[in-house]
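A.B. asks: Please work out how this folds:
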Amino acid sequence: MTEQLDNKLIQKIIHAPSLWNNDFPKFDKIFNMSKGIIDNQKYHADIFDKRHNTTNHNQYKKELIDISVGVQQSAKFKFNYDITESITDKDFNTALSSINTYLPFDSLYLEVRDDKANLTSSYLIKEFPEELVNMTVPKKNIFGRKKWVPLKAPDDTIYVKVSCFFASDEKPERVGVVPAPMFLPINNNTELPTYSFSEDNLFTPYFVPDAQVLSNIAELVVLNIKWLQVLLNYPSLANTNSVSGRNPIAYNKLGKFNNSSMYSLPKWEHKVLSVDMNSNGSSGGGNGQGSGKRFHAVRKHLRRLASGKSVFVKPHFRGDKSIGVIDKDYLIKGEK
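C.D. replies: Just a heads-up that it's a prediction; the model follows:
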């Protein structure tokens, strides 16, 4: 896994407002809405008039500028999706349940690379006040008809505003988008399968109700945020490599997208997170000899202490060599 963020993807995102304002054909060519989320017939019938309405045009430009500035100014993190194969679901959920739901920063940019799918997903994530989010969930009445009722989220739930971008290796010149930020509830102990959009966003009227693609994206975003929490909260589990880089550049000094010198200068400061199941870093002990068992290696694993706290125990050897020796090799795909 390369330790650099996908600079071409970032450049397209931060230049989006100038393209929207000055070169809409190029904007429309680069940014593609994911299939199945928009009513295309209704959208294409309305978008020309709406885009040329000064109020609508400037409103969406402002939103794109907010994203452009947010991507530059936010703390940046990156990890490879194959880390999900490095830890069992049981250990992941145990670790997650011990963490109070939170974002490490009020605003962050997260990039997740999936080598198997040849896909890079990136998210600008901002914590959002609960009172400003209108969340509903489906509920069936006594007649079996579905209606939407307000979400009653448990304590320790946070709400985030997420702008989503996707870059495929097959079509590197394009960026898949959800054209409006998603509002999502996150709770580390409960699945909350719902999302919403701002009512005043230009694209909100065109979303397909209950689109499965949107549900899948929302679920993936929440899962990636949970993974980020686990990796940051268990430093004995994850290696964190800081990559130094440039400072944010003011929107009005970005220059033209085609000739931007930033295109060849990818060095944005960020942190790369990778799983290391074999390092000696540890949050707890774990050198017990173990009686009555053959001598064997024990990989780093999660242990729940009597206090209820969960810690990752460092790798060690245990058992009796006189009984025999068990030799194991582990291949952890989260390690590069």
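A.B. asks: how about the helices in this protein?
C.D. replies: Under the criterion DSSP state H, the chain contains helices at 7-22, 24-30, 40-51, 54-73, 89-97, 212-233.
A.B. asks: Do me a favour and average the pLDDT over the fourth one.
C.D. replies: For helix 54-73, the per-residue pLDDT values average out at 91.
A.B. asks: Burial check on residue 56, number of neighbours?
C.D. replies: 14 (other Cβ atoms under 10 Å). Using the backbone N, CA and C atoms, a C-beta is placed for each residue, glycine as well.
A.B. asks: Could you shift the numbering so residue one becomes 35, and keep it that way?
C.D. replies: Okay, residue one is now 35; in that scheme the one you just asked about reads as residue 90.
A.B. asks: That one: what's it in contact with?
C.D. replies: 84, 236 (Cβ atoms under 8 Å, 6 or more residues apart in numbering).
A.B. asks: roughly how far apart are it and residue 168?
C.D. replies: 22 Å (Cβ to Cβ, to the nearest Å).
A.B. asks: Residue 261 too?
C.D. replies: 27 Å.
A.B. asks: ok, now residue 132?
C.D. replies: 31 Å.
A.B. asks: how about the helices of the chain in TSV, adding distance to residue 228?
C.D. replies: Shown next, in TSV, are those (distance: least, Cβ to Cβ, whole Å):
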stretch	distance to residue 228
helix 41-56	26
helix 58-64	30
helix 74-85	24
helix 88-107	22
helix 123-131	19
helix 246-267	8
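A.B. asks: Was I right to think residue 196 contacts residue 157?
C.D. replies: Yes. Counting by Cβ atoms under 8 Å, a contact exists between residue 196 and residue 157, whose distance comes to 5.2 Å.
A.B. asks: Now list whatever residues contact both of these two.
C.D. replies: residue 255.
A.B. asks: what about those two, which has more around it?
C.D. replies: residue 157 (26 against 23).
A.B. asks: Report the separation between the two terminal residues of stretch 220-231.
C.D. replies: 16 Å (Cα to Cα, to the nearest Å).
A.B. asks: Can you point out the buried residues in it?
C.D. replies: 220-222, 226, 228-231 (16 or more other Cβ atoms under 10 Å).
A.B. asks: coming back round to it: looking at residue 132 and residue 168, which one has more neighbours?
C.D. replies: residue 132 (18 against 12).
A.B. asks: My understanding was that that one contacts residue 341; is that so?
C.D. replies: No. Between residue 132 and residue 341 there is no contact under Cβ under 8 Å: 10.7 Å.
A.B. asks: and the residue nearest to residue 203 when sequence neighbours are not counted, how many neighbours?
C.D. replies: Distances taken as Cβ to Cβ, 6 or more residues apart in numbering put residue 152 closest to residue 203, at 3.8 Å, once the chain neighbours are dropped. Using other Cβ under 10 Å, residue 152 is surrounded by 12 other residues.
A.B. asks: separation between residue 235 and residue 214?
C.D. replies: Taking Cβ to Cβ, one finds residue 235 at 4 Å from residue 214.
A.B. asks: hang on, I meant residue 195
C.D. replies: Taken as Cβ to Cβ, the span from residue 195 to residue 214 is 10 Å.
A.B. asks: And for stretch 228-235, what's in contact with it?
C.D. replies: Here stretch 228-235 has contacts from 93-94, 97, 167-171, 185, 213-219, 237-238, 241, 248-249, 252, using Cβ under 8 Å, 6+ apart.
A.B. asks: How about residue 245, nearest residue that isn't a chain neighbour?
C.D. replies: residue 71 (5.0 Å).
A.B. asks: how about stretch 234-245 as CSV, C-alpha atoms only?
C.D. replies: Extracted in CSV, the C-alpha atoms of stretch 234-245 (Å, rounded to 0.1, in the frame of the first residue of the first chain):
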residue,chain,number,x,y,z
ASP,A,234,-32.1,22.5,0.9
ASN,A,235,-29.4,20.8,-1.1
LEU,A,236,-29.8,21.2,-4.8
PHE,A,237,-29.7,17.4,-5.4
THR,A,238,-31.9,16.2,-2.5
PRO,A,239,-35.2,16.2,-4.5
TYR,A,240,-33.7,13.7,-7.0
PHE,A,241,-32.5,10.9,-4.7
VAL,A,242,-34.3,7.6,-5.2
PRO,A,243,-36.2,6.8,-2.0
ASP,A,244,-34.8,3.8,-0.1
ALA,A,245,-32.1,3.3,-2.7
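A.B. asks: Would you agree residue 211 is in contact with residue 199?
C.D. replies: Yes. At 5.7 Å, residue 211 counts as touching residue 199 under the criterion of Cβ under 8 Å.
A.B. asks: Between the two, tell me which one has more neighbours.
C.D. replies: Set residue 211 next to residue 199 and count neighbours by other Cβ under 10 Å: residue 199 wins out with 24 against 20.
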